[in-house]
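Colleague: Next come a sequence and a model predicted from it.
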Amino acid sequence: MIRYQLLCKEDHEFDGWFTGSAEFDRQVAQKEILCPVCGSSDVRKGLMAPSVATSRMKAQGRQEKARQVAMETVGDAMRALKREVERECDDVGTGFAEEARKIHYGEAEERGIYGDATVAEAKELLEEGVDILPLPFSSNSKLN
């Protein structure tokens, strides 16, 4: 693939990707390339510097790949955690703060629960000494 910086007759700049220069020439002749700004099919190549892969660009590519792998790993871990919580704990929905208090004060059976709480509710629970742990997802998130 080759990328060309393109200009229309109104000098609007935009990029185009082509399998080669012959394909660019064919598309221009058939008026298949349109300016995304004004719709003109009168298009030509603009000035471009050649794209040469430097060692710095290669290092950036490796860093980007490492970031991508890390994000996938984190995503996998979050999905596994969500499945474990859903399998082992009771979903109490928006009644989380109330149920957590009941468990803490011995008014309800001790068990693992999860659900949704506002920031204010979570802060109050922590101030009361109720052990809670925010999860990196909401109970209705679509991580699966």
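Modeller: Great, that's in hand. Numbering: from 1, shown residues only.

Colleague: can you list the domains in this structure?
Modeller: 2-45, 53-81, 89-137 (automatic domain parsing).

Colleague: possible to save those as CSV with mean neighbour count and mean pLDDT?
Modeller: C-beta: built from backbone N, CA, C; applies to glycine. Output for the domains of the chain, formatted as CSV (neighbours: other C-beta atoms under 10 Å; pLDDT from 0 to 100):
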stretch, mean neighbour count, mean pLDDT
domain 2-45, 14, 92
domain 53-81, 10, 84
domain 89-137, 14, 93
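
Colleague: Residue 134: helix or strand, and which one exactly?
Modeller: Assigned by DSSP states H and E, residue 134 falls within no helix or strand.

Colleague: Am I right that residue 17 is in a strand?
Modeller: Yes: assessed with DSSP: H, G, I helix; E, B strand; the rest coil, residue 17 lies in a strand.

Colleague: what about it, distance to residue 112?
Modeller: Counting by C-beta to C-beta, to the nearest Å, the gap from residue 17 to residue 112 is 52 Å.

Colleague: same question, residue 46
Modeller: Distance from residue 46 to residue 112, by C-beta to C-beta: 61 Å.

Colleague: Tell me which residue is most central in this structure.
Modeller: The residue lying closest to the centre of the chain (C-alpha atoms, centre = their mean) is residue 71, at 9.2 Å.
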